[in-house]
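1. show me how the following folds:
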Amino acid sequence: MHSDNAREGISRRRFLRIGGGALTGAVLLGAAGRALAQTNSLQAEFDSAAGEYGVPEALLLAMGYSNTLWEMPSPENSAYKRGDLESRGAYGVMHLEQNPWRDTLGRAASLTGIPKDRLKSDRAANIRGATALLADIAGPNKPKNLDEWREEVAEYGDTDLYATTVFETLENGASRRISTGETLNLEAQNVEAPRIYEAQSRRTDYPRALWRPAAGGNYGNSSRERSYNIDKIVIHVAQGSYAGTVNYFQNPSAGVSAHYTVSRRGRIAQSVRHADIGYHAGHYPTNTRSIGIEHEGYVENSGSFTSAMYQASAKLSAYCCKRHRIRVDRRHIIGHHQVPGCSGPGGGASCHTDPGRYWDWDRYIRLVRRYRKRL
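-> Residues are numbered from 1 along each chain as shown. Predicted structure coming up:
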């Protein structure tokens, strides 16, 4: 293979590594008058976008990994649905958003000329649109090194917590074989993950959690520990990232919240106090009697659920079980799909499928029982 076969933006070294099977042509984007290369290689798609817009490829890789583990969720699973805990309108590997309060998808479409529907469903387009957006946030004087991109990444994700997550990925590196069969590697970078100040004005119920309070209208003020018998824990999967989920609960327009969110690394954020009613189950009687625990990831992605997540979540559930005298069994620790009603689109028990077939219930309950005995 000769180097003059490589499309613009791919280095000879990477082009030779990718191989000729990765390049499958180009599609003209109508009035935009530009060609968007379609490839079978995710690495090549990141490389092309980074070269075109002058954004560090390592940064894009870290963002994609933090968002979806480099997988491309279907637009149907990402679409915004009002009042739905797991449907906040964050599309693709790069989580371009489209909902009533934020439209980074539309901004990416304006910058690139790529139609919104394509940005939602086409992986290369999604990466290119997100990279154009990040470059636009940075402006003409782009940061000179990775550490200086923190503010731009925080603005992209609409929260400092997102920048922390991305820079932790850069700091630690990442490697994964994705569902298409390709293996991606992000070498650990010489960066320092930003440390986020945590407000100390209110203590969390669970000592290992960070306090990330939900907006006031997203939960019900209550003294339910005196008025309701809290006898259930509801397990959710966020259909999104840890940072994005916590940020969603802090948006006054969301109308939803869970008490806790658990990350793949085992970090826990508390957004609603136990005394208050989280709007997480889609069924108010269940909300009044339960603790809702969200988990970073996607129900269709088996890689979402790590050992660190299982252990951290099980310790949290064990704490909740002891505090509220909840029995450790599958009648009292339930999945969102088991909630006996749903106010979301369509109604009925079929409204939700989380935590899905990849969630290991046997392992989880076994861990909760083990940790409960130690308390």
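2. which residue is nearest the middle of the chain?
-> residue 241 (1.3 Å; C-alpha atoms, centre = their mean).
3. and the helix or strand where residue 246 lies, what's its mean pLDDT?
-> Here residue 246 is covered by helix 242-249, with elements defined by DSSP states H and E. Helix 242-249 carries an average pLDDT of 96.
4. list the contacts of it.
-> With contact meaning C-beta atoms under 8 Å, 6 or more residues apart in numbering, helix 242-249 is reached by 66-67, 88, 90, 95, 157-159, 161-162, 164-165, 212, 214-215, 218, 238, 240, 254, 256-258, 261-264, 267, 269, 271-272, 294, 296. Where you see a C-beta, it was placed from the backbone N, CA and C, and this is true even at glycine.
5. mind checking which of those land in strands?
-> 90, 261-262, 269, 294 (DSSP state E).
6. picking up where we left off before, ok now the helix holding residue 246, how far from the chain's centre?
-> Between the centre of helix 242-249 and the centre of its chain there are 8 Å (C-alpha atoms, centre = their mean, to the nearest Å).
7. could you do stretch 203-212 as well?
-> Mean-position distance between stretch 203-212 and its chain equals 21 Å (C-alpha atoms, centre = their mean).
8. do me a favour and get the end-to-end distance for that stretch?
-> Taking C-alpha to C-alpha, to the nearest Å as the measure, stretch 203-212 stretches 11 Å from start to finish.
9. which SS class is residue 80?
-> The three-state label given to residue 80 by DSSP: H, G, I helix; E, B strand; the rest coil is coil.
10. so what's it up against?
-> Residue 80 sits next to 87-89, 98-100 when contact means C-beta under 8 Å, 6+ apart.
11. pLDDT at the closest residue to it other than its chain neighbours, what is it?
-> Sequence neighbours aside, residue 89 is the residue nearest to residue 80 in space, at 3.1 Å (criterion: C-beta to C-beta, 6 or more residues apart in numbering). You'll see residue 89 listed with a pLDDT of 94.
12. pretty sure residue 89 contacts residue 96?
-> No: the pair residue 89 / residue 96 is not scored as a contact, 9.1 Å apart, by C-beta atoms under 8 Å.
13. quick one: low-confidence parts of this structure?
-> 1-39, 195-202, 225, 227, 342-350 (pLDDT under 70).
14. which strands and helices sit next to the top helix by length along the chain?
-> For the chain, the longest helix by residue count, based on DSSP state H, is helix 307-324. Counting contacts by 3 or more C-beta pairs under 8 Å, 6 or more residues apart in numbering; DSSP states H and E, helix 307-324 is packed against strand 232-235, strand 260-262, strand 268-270, strand 290-295, helix 361-374.
15. can you tell which of the ones you listed is closest to residue 354?
-> Evaluated with C-beta to C-beta, these place strand 232-235 nearest to residue 354, the distance being 7.6 Å.
16. restricting to C-alpha, output the closest one in PDB.
-> What follows is strand 232-235, C-alpha atoms only, in PDB (Å, rounded to 0.1, in the frame of the first residue of the first chain):
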ATOM      1  CA  LYS A 232     -37.200  -1.100  48.500                       C
ATOM      2  CA  ILE A 233     -34.100  -0.300  46.500                       C
ATOM      3  CA  VAL A 234     -34.600   0.300  42.700                       C
ATOM      4  CA  ILE A 235     -31.600  -0.400  40.500                       C
END
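17. given it, what are its sheet partners and their directions?
-> Strand pairing for strand 232-235, determined by DSSP bridges: strand 290-295 (parallel), strand 333-335 (parallel).
18. what's the most buried one of these?
-> Of those, the one with the most neighbours on average (mean count of other C-beta atoms under 10 Å) is strand 290-295, at a mean of 28.
19. residues in contact with that strand: which ones?
-> Outside of strand 290-295, the residues within contact range by C-beta under 8 Å, 6+ apart are 85, 230-238, 245, 257-262, 272, 274, 278, 280-281, 304-305, 309, 313, 316-317, 320, 324, 355.
20. out of those, which are buried?
-> 85, 230, 232-238, 245, 257-262, 272, 274, 278, 280-281, 304-305, 309, 313, 316-317, 320, 324, 355 (16 or more other C-beta atoms under 10 Å).
21. distance to residue 205 added to the contacts of residue 80, as CSV?
-> Below are the contacts of residue 80 laid out as CSV (distance: C-beta to C-beta, whole Å):
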residue, distance to residue 205
87, 27
88, 25
89, 30
98, 34
99, 29
100, 31
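22. please verify my assumption that residue 193 contacts residue 162.
-> No: contact criterion C-beta under 8 Å: residue 193 and residue 162 do not qualify, at 11.8 Å.
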